[in-house]
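[1] give me the fold of what follows.
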Amino acid sequence: MMKSTAAAVLTLCVIATPAAAAKSNPERDTLPPSANAGYFLGYPAATYSWHGCTKTATVHSPAAPVAGEPEPARGSKQKAATFTITRTAPYVSWQVKRGWKICGVQISAVLESPAVSAMLLAQVGYTSGPTSGSTSATGTETIPVTIPTKGIGARGFEEFEGQTFAIRSVQQITVFMKKR
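    The predicted model follows:
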């Protein structure tokens, strides 16, 4: 009886594998730069690829650094994008140079929710146009971030899972891009 149970489980795993492989993955799938705004990536989640692109440019926003926040890594193609930082909204804007296209943007952000006892520093998918973008024009971010149940999976963070958060501040911006 044990052998048939093991064979049945193995068969289910083999049958389930193609469906799992077909599941959408914003890190590798080719998607527009506006897709996946608010997608929770954890922290620190140095993402190698976003929307199928691996070339990056990164900048720290004018927000004060948060305790424990790592320094932004230099992008692999830092000179392919220009960032403008201002004291008024939008605080950070970006534009890629001629011949480049934005695949997507990720931010490091401080998240808050009245349902939890503390704020959370996290990596989140953001939105952009194909050649330029910016943080909120009003200075108040409106993109909600939902952390799935068991989305963190670390002891002590259970209260954050299954909750929806507001972006309190954008700390760092990483633009993922490719040559046209």
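
[2] which stretches of this structure form strands?
    40-42, 55-60, 81-85, 92-96, 100-112, 120-126, 132-134, 145-146, 164-179 (DSSP state E).

[3] now tell me which of those the model trusts least on average.
    With a mean of 92, strand 40-42 has the lowest mean pLDDT of the strands of the chain.

[4] so which elements touch it?
    If you count contacts as 3 or more CB pairs under 8 Å, 6 or more residues apart in numbering; DSSP states H and E, strand 40-42 packs onto strand 120-126. In this view, the C-beta of every residue, glycine as well, is placed from N, C-alpha and C.

[5] returning to that earlier point: now render the strands of the chain as TSV, adding distance to residue 25 and mean neighbour count.
    Converted to TSV, the strands of the chain look like this (distance: least, CB to CB, whole Å; neighbours: other CB atoms under 10 Å):
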stretch	distance to residue 25	mean neighbour count
strand 40-42	12	19
strand 55-60	18	20
strand 81-85	24	17
strand 92-96	23	21
strand 100-112	13	23
strand 120-126	12	22
strand 132-134	22	19
strand 145-146	18	19
strand 164-179	14	21
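
[6] how about those, which one is nearest residue 68?
    strand 120-126 (6.9 Å; CB to CB).

[7] mind listing residues that contact the closest one?
    Outside of strand 120-126, the residues within contact range by CB atoms under 8 Å, 6 or more residues apart in numbering are 26, 35-45, 47, 50, 66, 68-69, 104-112, 133, 143, 145, 147, 160, 165, 167, 170-171, 173.

[8] try 6 Å this time
    36-37, 39, 41, 43, 45, 66, 105-111, 145, 160 (CB atoms under 6 Å, 6 or more residues apart in numbering).

[9] between the strands of the chain, which one is nearest to residue 154?
    Using CB to CB, those put strand 40-42 closest to residue 154, at 9.1 Å.

[10] list the contacts of the closest one.
    123, 145, 147, 151.

[11] about what we covered before: between the strands of the chain, which one is closest to residue 156.
    strand 120-126 (11.6 Å).

[12] how far does the closest one sit from the chain's center?
    6 Å (CA atoms, centre = their mean, to the nearest Å).

[13] how about stretch 70-85?
    For stretch 70-85, the distance to the chain centre is 16 Å (CA atoms, centre = their mean).

[14] before we move on, back to that, got CSV for the contacts of strand 40-42, with distance to residue 82 too?
    As requested, the contacts of strand 40-42 are exported to CSV (distance: CB to CB, whole Å):
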residue, distance to residue 82
123, 23
145, 27
147, 32
151, 34
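
[15] for those, which one is nearest residue 180?
    residue 123 (26.6 Å).

[16] distance of that closest one from residue 137?
    23 Å (CB to CB, to the nearest Å).
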